[in-house]
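In: here is the input, now give the coordinates:
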Amino acid sequence: MSSARTAIGSGRIGAPPSPLQRWLSIFPEYQKRWIFDDSRFAIAVKSRQIGFSFATAAACVVNGLFHKRTQVILSASQDLSTEVLQKAKTHCEALASLGVPQAVDFEIANTMQLRWRGGGRIIALPANPRTARSFSGDVWLDEAAYFTDPEGIRDAVFPMVSRDDYRFRACSTPNGAQGLFHEWAT
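Out: Sure thing, here's the model as predicted:
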């Protein structure tokens, strides 16, 4: 069990669930595994519309809000990255409604960043190697099989996650038996 999940706790038998446990009850087990996977590198080949962007946004909230880590989301377009950031904001609002007030103690500097006043942030960017090079933190590649320049993204983000204890996550629906994501997955 990861330290994030341990921090949330499993609760005592007969005790009412904590706000975080109530929030986590909305996720199926496969999403919880993605949210709390604490390995350095992780890849998920998934089918469409199973909630992986929803789970990725939740993982970014857990790691950003509770662990004060920078989370960098790269998606195939700015619209898709912004969508994941919006899902993170929704998770924060849900946590606040369940009794975690610090979840909504954030500012949105622009359409690409959510920053908690107590530390931690989520940066959502299009998969552009030049833009990605500017940040350090845990990296989340959303729909990585559909990136225009996957090798450029790899070259930009691997130095970011190579230092300190940053993590790398890539998930995508398949785009045929081709490309860098396919190589990683096989």
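
In: after the least confident helix or strand in the chain by mean pLDDT comes which helix or strand?
Out: Among the secondary structure pieces of the chain, namely its helices and strands, helix 3-8 has the lowest mean (mean pLDDT, DSSP states H and E), a mean of 49. Once the chain leaves helix 3-8, the next helix or strand it forms, by DSSP states H and E, is helix 19-24.

In: what helices or strands is that next one leaning on?
Out: Using 3 or more Cβ pairs under 8 Å, 6 or more residues apart in numbering; DSSP states H and E, the elements in contact with helix 19-24 are helix 3-8, helix 78-97. In short, each C-beta sits where N, CA and C put it, glycine included.

In: which residue ranges of this protein form strands?
Out: Counting by DSSP state E, the chain has these strands, from start to end: 41-45, 70-75, 106-110, 113-116, 121-126, 138-142, 168-172.

In: the ones you listed: lowest mean pLDDT?
Out: Between those, the one with the least mean pLDDT is strand 106-110; it has a mean of 81.

In: which residues of this structure score low on pLDDT?
Out: Regions of the chain meeting the criterion pLDDT under 70 cover residues 1-14.

In: how about a cut-off of 80?
Out: Low-confidence segments of the chain, defined by pLDDT under 80: 1-16, 109-111, 163.

In: next one: Leu20 from Leu80, what distance?
Out: Taking Cβ to Cβ, to the nearest Å as the measure, Leu20 and Leu80 are separated by 27 Å.

In: ugh, wrong one, Ser172
Out: With distances taken as Cβ to Cβ, Ser172 is found 12 Å from Leu80.

In: again with Gly152
Out: When Gly152 is compared with Leu80 (using Cβ to Cβ), they lie 18 Å apart.

In: measure stretch 143-153 end to end?
Out: Using Cα to Cα, to the nearest Å, the end-to-end distance of stretch 143-153 comes to 13 Å.

In: returning to what we had before: could I get the strands of the chain as TSV with mean neighbour count?
Out: Formatted as TSV, the strands of the chain follow (neighbours: other Cβ atoms under 10 Å):
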stretch	mean neighbour count
strand 41-45	15
strand 70-75	26
strand 106-110	13
strand 113-116	19
strand 121-126	23
strand 138-142	25
strand 168-172	23
